[in-house]
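S.K.: A predicted structure for the sequence below; I have some questions about it.
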Amino acid sequence: MKVLLIYDDLWHPAEVIDRGLKSFPARFDEYELDCVRTAKDILTPEFVQAFPVVIIAKGNAVNQANSAPWFEPTVTECMPEDFRAYVENGGGILFLHAGNVFSKKNAPEMTEINGNAFIGHPPRCLTHVEPVGEHPITAGAEAFDVRDEHYNIEILADDINVFLHTTSATGGDVVSGYTRTIGNGRVCVLTPGHTEAVFKDPNFQTILMNALDWCAGKI
């Protein structure tokens, strides 16, 4: 399955995900990743539509070396409204960790797609990640503990199906994974994923691969 991975910004270098994905089991070979760092100058709506699933794992910045806004009218070819059209027409988007740092101020159209607005996070800390309810994305995964950035987000959408919570001494108990549908497409949100250790945890690996399958409508 072809998957477009859009990643890399100042606080979330692509190297972390690149190194983390190398530890995934053989099942991950089912996904053919096309990785884009400088999204502003590469992506077009037509390019994105060629993929059944897109992972957005960066904030509103060009790349690690350039913190200028990713989305600029008349400059950026694939704008938030194009990503929304992509989902409405049947595409799937996984908003992974940094893909959830959009705010109602810097990219309100993206918050309307992923259904949340970034609030902040305490200093990196030990987090407890706990599946909740029954959802195909958490099938085969158990709770785990890992040092990570413990994201706090404001839920904006009223149609979410929560499948994951994280707790920490400094960040409290927060929603860290949910799904929703927009038109004919699917959206999944996963907030863990700042450190390489998260990607090396077999439970997170299972959740992430299940999330890709869910976004593609395979489960």
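M.R.: Now that the structure is in, tell me what you want to look at. None of the values given here were measured: they were computed from a predicted structure.

S.K.: neighbours of the residue nearest to Tyr7 when sequence neighbours are not counted, just the number please.
M.R.: Sequence neighbours aside, Ala57 is the residue nearest to Tyr7 in space, at 4.1 Å (criterion: CB to CB, 6 or more residues apart in numbering). Yep, even glycine has a C-beta here, placed from its N, CA and C like the rest. Residues within reach of Ala57, counting by other CB atoms under 10 Å, total 22.

S.K.: so how far is stretch 6-19 from its chain's centroid?
M.R.: In this view, stretch 6-19 has its centroid 12 Å away from the chain centroid, taken as CA atoms, centre = their mean, to the nearest Å.

S.K.: all helices in this protein, in order from the N-terminus.
M.R.: With DSSP state H, the ranges of helices along the chain come out as 14-21, 39-42, 45-48, 80-88, 108-114, 196-200, 202-215.

S.K.: among those helices, which comes closest to Pro69?
M.R.: helix 39-42 (8.5 Å; CB to CB).

S.K.: just checking, what packs against that closest one?
M.R.: Packing partners of helix 39-42 (3 or more CB pairs under 8 Å, 6 or more residues apart in numbering; DSSP states H and E): none among the helices and strands.

S.K.: picking up where we left off before, do you know how far the residue nearest to Tyr7 is from Pro192?
M.R.: 12 Å (CB to CB, to the nearest Å).

S.K.: repeat for Asn66
M.R.: Counting by CB to CB, the gap from Asn66 to Pro192 is 26 Å.
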